[in-house]
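Peer 1: Sequence first, predicted coordinates after that:
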Amino acid sequence: QTGLTTLDYGFVNTAATKSAITYIDGDQGILRYRGYPIEQLAKQSTFLEVAWLLIHGELPTADELGGFDEKIRRHTLLHEDLKRFFSALPHTAHPMAVLSSALQAMSTYYESDANPHDPDHVELTTVRMLAKLPVIAAYAHKKSVGQAFLYPDNSLSFVDNFLKLNFGNLAEPYEIDPVLSKALDLLLILHEDHEQNASTSTVRLVGSTGANLYASVSAGINALSGPLHGGANEAVLQMLGRIQESGEGVQRFVDRVKNKEDGVKLMGFGHRVYKNYDPRAKLVKESAGEVLRALGINDPLLDLAQELEQIALEDDYFKERKLYPNVDFYTGVIYKAMGFPTRMFTVLFAIGRLPGWIAHWREMNLDPQTKIGRPQQLYTGSPERPFPTR
Ligand code: SDX
């Protein structure tokens, strides 16, 4: 599907990828999944309903959604041997490294004798991944805090099961907090897809070679882990913490960013496409205030983030470069209030983005016109020269 239209980004013509899944207008700050505005989906839909929409192109009927939910609940168990995979890793392992490698390991159980492009197998793989990636993520969290892994509870919703797997333990019953449940479902919706971002482009490029969905998504998770991409939500909390501990004050920090001291950046700000306020950031910012109030948490880091945003938005350096808060700027404050360790933040981004990765892989692989990806190059090296005679 590449090469349909060639757009000129500066000095290199880049063949645009054609996709019908997500539309972004960076100047207007518009984001739509299959034509539906993100603001309406965020307020009225659920993570699984939006996942179906992204993958199948239309909103599910009540029966379709019920069947999808039921299938996912019935595939949450990991193979018992796969659980031993975690014991080979140090408790200090970064959960993103655990996520991508455990997912790849999962393919050794399900891909050995399958045709990765058979439609029924793709459907089953879709359900398995949506059901099991959150369990792998929760086990990575439990591993990092030295607690026992819990079994999934299929009587719970997708989000509630995930919360219990992370915060429940064998010593006492776990009570679902509806505030956390609603906030996490919203955050997952906001992350579900974002057109040809670096990790989704990675999934498509790997998938275009004929690699199976596990290998493609595992590569996408690795791309997402970088601090310029999904790793930014973790980097924002670290940045806010450093400002708070140093006592240098927000304006001094902003001045260091403007002077590009030690390459410091305002993490959670700026975007390859949005040259306006990221519509997701607005919704996350609203949710951050609601969640902290509902939980009775007064986190100075939220005040710090709001002060940082206000100073930056009024500063010509950021205005000239069209730098606004992106989806990662406020998410960490909410994840922290929920009780997730900072290193789990990008894992939460990956769980949210999984339906989008799957949708793009399927869109590409269901189209017979798809060619193997081959990004164009502009050669800037030496002209031909003879090897020196000796
Ligand atoms: C995500 O693509 C997607 O859709 C991604 C994503 C998704 O949903 O998949 O939206 C998720 O990855 C959001 C972005 C998360 N990353 C961060 O928050 C990291 C901090 N932001 C930057 O590193 C940067 O803004 C990028 C990487 C996000 C975008 O970089 P660009 O568009 O290539 O901008 P650039 O590097 O060309 O910068 C243009 C100017 C430069 O200044 P000058 O050299 O012209 O003087 O803006 C400056 C940059 O130095 N700049 C920043 C800055 N981002 C850009 N200066 C300070 N702080 C920043 N954050």
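Peer 2: Cool, the structure landed.

Peer 1: How about the residues of this structure by the ligand?
Peer 2: For the chain, the residues in contact with the ligand (Cβ under 6 Å from any ligand atom) are 194, 197, 228-230, 232, 257, 265-273, 321, 323, 326-328. The way it works is simple: take the backbone N, C-alpha and C, and place the C-beta from them, glycine included.

Peer 1: Buried subset of those as a PyMOL selection?
Peer 2: The following PyMOL line selects those of the residues of the chain next to the ligand that are buried, judged by 16 or more other Cβ atoms under 10 Å:
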select buried, resi 194+197+229+230+232+257+266+267+268+269+270+271+273+323+326+327+328
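
Peer 1: Please report the distance of whichever residue of the chain sits closest to the ligand from Asp328.
Peer 2: Of all residues in the chain, Gly270 sits closest to the ligand, at 2.2 Å by Cβ to the nearest ligand atom. For Gly270, the distance to Asp328 (Cβ to Cβ, to the nearest Å) stands at 10 Å.

Peer 1: ok, now Gly247?
Peer 2: Distance, Gly247 to Asp328, using Cβ to Cβ: 25 Å.

Peer 1: which regions of this protein lie under the pLDDT threshold?
Peer 2: 1-15 (pLDDT under 70).

Peer 1: How far does stretch 167-186 sit from its chain's centre?
Peer 2: Put simply, stretch 167-186 sits 21 Å off its chain's centre (Cα atoms, centre = their mean, to the nearest Å).

Peer 1: now swap in stretch 160-169 and tell me
Peer 2: Chain-centre distance of stretch 160-169: 20 Å, with Cα atoms, centre = their mean.

Peer 1: Not counting residues beside it along the chain, what's closest to Phe47?
Peer 2: Counting by Cβ to Cβ, 6 or more residues apart in numbering, Phe47 lies nearest to Leu188, which is 4.3 Å off, once chain neighbours are set aside.

Peer 1: Would you mind measuring from that neighbour to Tyr174?
Peer 2: In this structure, Leu188 and Tyr174 are 19 Å apart, going by Cβ to Cβ.

Peer 1: Arg343 too?
Peer 2: In terms of Cβ to Cβ, Arg343 sits 22 Å off from Tyr174.

Peer 1: got the contact list for Leu48?
Peer 2: Residues in contact with Leu48 (Cβ atoms under 8 Å, 6 or more residues apart in numbering) are 65, 68-69, 72, 130, 158.

Peer 1: let's see it at 7 Å
Peer 2: Leu48 is in contact with 65, 68-69, 158, counting by Cβ atoms under 7 Å, 6 or more residues apart in numbering.
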